[in-house]
Structure formats: structure tokens, C-alpha cells
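Asker: quick one: sequence and predicted model below, then my questions.
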Amino acid sequence: MKLAARVGQVTPSLTLAVDTKAKGMKAQGINVCSFSVGEPDFPTPPHIVEAAEKALESGKTKYGPAAGEPKLREAIAQKLQKENSLCFGAENVIVTNGGKHSLFNLFMATIEPGDEVIIPSPYWVSYPEMVKLAEGKPVIVETTAETGFKITPEQLRQAITPQTRLFVLNSPSNPTGMVYTPDEIRALAAVIVEKDIYVVSDEIYEKLLYDGAEHFSIGAASPEIYERTIVSSGFAKAFSMTGWRVGYLAGPVDVIRACATIQGHSTSNVCTFAQYGAIAALEGSLDCVEEMRLAFAQRRQVMLDYLNAIPGLTCTKPDGAFYLLPSIKKTGLKSLEFSTALLDDYQVAVVPGVAFGADDYVRLSYATDMDTIKRGMEQLDKFVRSRT
Ligand code: GLU
């Protein structure tokens with residue numbers, strides 16, 4: 001059958017492709033060390049699982065409102081008020097099938113053919129592809145390790161044209177792990193307000209911060225930027241709920257209503273009983289999040305020390321999320337060649353940087369156990385030495 005042209009414009013997700021290949025090899029009995037997909041190795045905290053079980057038993061198994069269970073929308077609004085100083089109400093929130101779906105809804109609701117969306121690189125693999133699916137034009141602004149992988153206000157200003165609709169901000173960042181300071185966020189906000197565009201702030205990693213880094217939600221910078229901000233987030237990373245597929249989008253009511261209409265014709269509601277797990281995540285203690293964060297902090301240091309001890313690799317120290325992005329430039333290999341040979345010959349799965357618009361890099365997730373990290377780093381060391 002002839003496929004729609006839009007499919008030809010996008011490439012399959014490499015984060016998912018590498019993960020699928022690594023899991024397939026594991027299923028064949030191959031001892032793979034996987035640092036591919038960003039997925040915490042911890043089980044979902046028991047109080048969240050119990051809340052969903054209770055919801056199942058009590059019959060929360062039917063269709064619900066497309067925009068989400070009212071109680072969850074309210075709990076998310078409360079969280080955004082309390083933790084992020086954003087005065088959103090339940091009507092400003094839609095519950096989605098994960099953070100990825102939030103962004104997809106938003107682009108479908110706001111982007112018209114030819115509209116430009118500014119995306120700093122390295123970027124998360126799906127941003128440009130989703131913009132293309134919405135028939136928009138991703139405008140990539142390159143950042144480098146030398147500037148901490150952060151877009152400057154001047155770079156942002158220069159990238160804005162009359163066609164610009166949205167700027168995608170992702171702090172803490174996937175794949176670099178960098179975190180913008182509140183002052184850096186304020187400076188970007190000033191440009192967005194001055195140029196009268198909108199910002200989508202992907203805050204899915206907001207709880208995963210190290211070395212005293214602070215998360216500052218851009219919508220809290222001023223009343224003017226608040227009106228131009230849409231927050232995208234979810235439960236997957238902080239609460240180890242990747243398979244639950246519960247995310248959310250918060251922003252101006254007209255945008256949220258438009259997303260609900262799209263959702264009403266595409267997915268209907270998010271799995272009803274899963275939403276009750278998400279309510280428990282928001283209402284319960286955050287000790288479980290802190291325990292996981294502390295474990296990630298330790299693993300980050302161990303992996304970083306290993307990486308920087310491998311001749312041929314260099315890696316900056318990021319202060320958020322759970323990714324490291326070492327440069328492979330000195331090996332002379334491009335990222336796809338590097339990651340394919342590493343997985344095939346040394347059974348270590350990493351994501352090639354080309355997926356993130358950064359072909360001189362590979363991405364490693366340290367959301368995995370310490371034994372795997374140690375074993376994988378030794379294999380990586382052998383691989384790089386064999387190639388340099
Ligand atoms: N966001 C995670 C990652 O980058 C999950 C995979 C995906 O959805 O792309 O690894």
C-alpha cells in the first residue's frame with residue numbers, strides 16, 4: 001500500500017530501536033549491558049501500584065473524560081502551583097499518554113504548515129520528528145560542550161523569524177543532562193516575551209538534579225512569560241512509571257481544550273486505573289523519588305569517572321536527568337558506526353548521538369544498576385582501545 005508522504009519525512013525513533021535490539025539480544029541469552037533507553041531500573045513505588053490495584057478492583061475500568069480524571073487534573077494543577085509557582089487550575093491541564101504524547105498533541109494543536117519551531121541541539125530524538133509530522137519546520141540551533149550545551153539568548157533571538165511559533169526548552173536536558181540556571185531561564189524568557197512567541201517547557205526530568213542544581217520553571221519568570229508557556233511533563237522518570245504512560249500538558253485553556261479535542265478523536269482517555277496510580281504519586285511522600293535520585297547521583301559519578309579514564313573519550317559533568325553524553329570525536333568513528341560495533345562486538349548498548357543531532361557523541365543512561373555500569377564500562381574501555 002502507498003504510504004502517506006509524512007511517514008517518509010520522519011525516521012524511526014533510535015532510542016526505542018536500540019532498546020528493542022538490546023532486549024532482543026538479552027532474550028537470546030546474550031549478556032548485554034544496556035545504557036540505551038532512559039528507563040529507571042527501580043520498580044514503581046508500592047503505594048502507587050497499590051492505588052492502581054485498588055482502582056482496578058473498585059471498577060475504575062471504564063471510559064473517562066478525554067482530558068483526564070478530574071481528580072488527577074486537579075492534583076497536577078496543585079503540584080504546578082506549589083512546586084513550580086505556576087498558577088494553573090485543573091482547566092489548564094490535560095492528562096496524556098506520557099510526556100511524548102503531550103508534545104505530540106501540542107504540535108498537532110498549534111503548528112500549521114511552514115510554522116517554525118526552534119529546537120536547540122543536542123535535542124531529544126522525537127522533537128524534530130513530531131514537528132515534521134505536524135507539517136512544521138524544525139529550526140535547529142546548535143549548542144556545544146564549550147557553552148555547557150545551552151542556547152544563549154542571542155542565539156535564540158537570531159533564530160526567531162516571523163514564522164516562529166514555538167521554542168522548545170528542555171531543562172534538565174535529555175540527552176545532555178545540563179540544567180539552565182534560573183537567571184539563564186529568565187534571560188531566555190525575556191527574548192520570548194519581547195518577540196511574542198510561545199515556549200514549550202519539557203520538564204520531565206525536573207526532580208533529577210545533582211550537586212545543588214535548581215529547577216526553575218520558565219512560566220514563573222514573569223506574568224508575561226506565564227501566558228506564553230506550555231509545560232510538558234509526566235510520571236515516567238521521577239516515579240519509575242515508564243510503562244504506565246501517564247503524562248500531562250499544562251498551559252492556556254484554549255490550547256488545552258484543543259489538545260482534548262485531538263485526544264477525543266485519537267486516544268480517548270488515558271488508562272483510567274493508571275491515572276489513580278498517578279494521583280497517589282502526587283499525593284504520597286516523595287521519599288521514593290529522593291531514594292532513586294540518590295542512587296542515580298552515585299551511578300553518575302561512577303560512570304563519569306570510568307568514561308573520563310578511557311583514552312579517546314571525554315565527558316562533561318551534567319547536573320540533571322540520568323544521561324551522560326561523552327564525545328567520541330577522537331575515535332574517528334561516527335556515532336552509528338560506534339554504537340553498532342559496540343553492541344554487536346562488545347554487547348554494550350548506547351544510543352548514537354546522531355539521533356540527537358550530535359554525531360560526535362553517544363548517549364548513555366545511568367538509570368541502571370551498578371554492576372551493569374561497571375561491567376559495561378570495562379567492555380566500553382576494551383572497545384575504544386581496540387579502535388584507537
Ligand atoms: N525518553 C526516553 C529516552 O530518551 C525514552 C525513550 C523515548 O521515548 O524516546 O530514552
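Answerer: That came through, no problem.
Asker: who touches stretch 273-292?
Answerer: Identification of contacts with stretch 273-292 by C-beta atoms under 8 Å, 6 or more residues apart in numbering yields 40, 42, 44-45, 47-52, 54-56, 60-61, 64, 68-69, 71-72, 75-76, 78-79, 95, 207, 235, 238-241, 244-246, 269. All C-beta atoms are positioned from the backbone trio N, CA, C, and that covers glycine.
Asker: at 7 Å instead, please
Answerer: Stretch 273-292 is contacted by residues 40, 42, 45, 47-49, 51-52, 55-56, 60-61, 68-69, 71-72, 75-76, 79, 95, 207, 235, 238-240, 244-246 when judged by C-beta atoms under 7 Å, 6 or more residues apart in numbering.
Asker: in ChimeraX, how would I select the buried members of the residues you listed?
Answerer: In ChimeraX, this line selects whichever of the contacts of stretch 273-292 come out buried by 16 or more other C-beta atoms under 10 Å:
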select :40,45,48,51,52,55,60,68,69,72,75,76,79,95,207,235,238,239,240,244,245,246
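Asker: which residues does A75 contact?
Answerer: A75 touches I279, L282, E283, counting by C-beta under 7 Å, 6+ apart.
Asker: and the helix or strand containing it, average pLDDT?
Answerer: In this structure, A75 sits in helix 70-84 according to DSSP states H and E. Helix 70-84 carries an average pLDDT of 98.
Asker: against T340, how distant is T164?
Answerer: Between T164 and T340 the computed distance is 36 Å (C-beta to C-beta, to the nearest Å).
Asker: likewise for T96?
Answerer: Per C-beta to C-beta, T96 is found 33 Å from T340.
Asker: give me the more crowded residue out of the two.
Answerer: A direct count of neighbours by other C-beta atoms under 10 Å for T96 and T340 places T96 higher, at 28 against 14.
Asker: tell me what that one is bridged to.
Answerer: Beta-bridge pairing for T96 (DSSP bridges): G247.
Asker: which residues in the stretch 1-150 of the chain form strands?
Answerer: All strands of the stretch 1-150 of the chain, identified by DSSP state E, counting those that start in this stretch, fall at 33-34, 93-96, 116-121, 137-142.
Asker: could you list every helix and strand that the second one packs against?
Answerer: Meaning strand 93-96. Judged by 3 or more C-beta pairs under 7 Å, 6 or more residues apart in numbering; DSSP states H and E, the packing partners of strand 93-96 are helix 70-84, strand 247-250, helix 253-266.
Asker: what's the spacing between it and its chain's center?
Answerer: Its chain's average C-alpha position is 17 Å from that of strand 93-96, according to C-alpha atoms, centre = their mean, to the nearest Å.
Asker: Provide the contact partners of it at residue level.
Answerer: With C-beta under 7 Å, 6+ apart, strand 93-96 has contacts from 67-69, 72-73, 76-77, 102, 105, 246-250, 256, 259-260, 263, 270, 275.
Asker: kindly report the same for the last one.
Answerer: Residues outside strand 137-142 that contact it (C-beta under 7 Å, 6+ apart) are 114-121, 127-128, 131-132, 151, 155, 159, 357.
Asker: show me which of the residues you listed is closest to the ligand.
Answerer: Y127 (10.4 Å; C-beta to the nearest ligand atom).
Asker: could you report the neighbour count for the nearest residue to the closest one once chain neighbours are set aside?
Answerer: Leaving aside its sequence neighbours, Y127 sits nearest to I119 (C-beta to C-beta, 6 or more residues apart in numbering; 5.0 Å). Burial of I119 is recorded as 23 neighbouring residues (other C-beta under 10 Å).
Asker: contact residues of the stretch 51-200 of the chain facing the ligand?
Answerer: Counting by C-beta under 6 Å from any ligand atom, the positions of the stretch 51-200 of the chain adjacent to the ligand are K100, W124, V125, S126, N174.
Asker: highest neighbour count among these?
Answerer: Tallying neighbours with other C-beta under 10 Å puts N174 at the head of these, with 26 neighbours.
Asker: just checking, it touches F322?
Answerer: No: between N174 and F322 there is no contact under C-beta atoms under 7 Å: 8.8 Å.
Asker: which neighbours do these two share?
Answerer: G38.
Asker: what's the first helix or strand after the lengthiest helix in the chain?
Answerer: Criterion DSSP state H: the longest helix present in the chain is helix 287-309. Scanning forward in sequence from helix 287-309 by DSSP H and E, the next helix or strand is strand 323-324.
Asker: helices and strands around that next one, which ones?
Answerer: helix 287-309, strand 362-365.
Asker: run the chain-centre distance for the last one.
Answerer: By that I understand strand 362-365. 13 Å.
Asker: which strands or helices does the helix or strand just after that strand pack on?
Answerer: Next along the chain after strand 362-365, taking DSSP H and E as the criterion, comes helix 370-387. Under the contact definition 3+ C-beta pairs under 7 Å, 6+ apart, helix 370-387 sits against strand 33-34, helix 287-309, helix 335-346, strand 348-349.
Asker: columns mean pLDDT on top of these, output as a markdown table?
Answerer: A markdown table is the format used below for these (pLDDT from 0 to 100):
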| stretch | mean pLDDT |
| --- | --- |
| strand 33-34 | 96 |
| helix 287-309 | 97 |
| helix 335-346 | 95 |
| strand 348-349 | 97 |
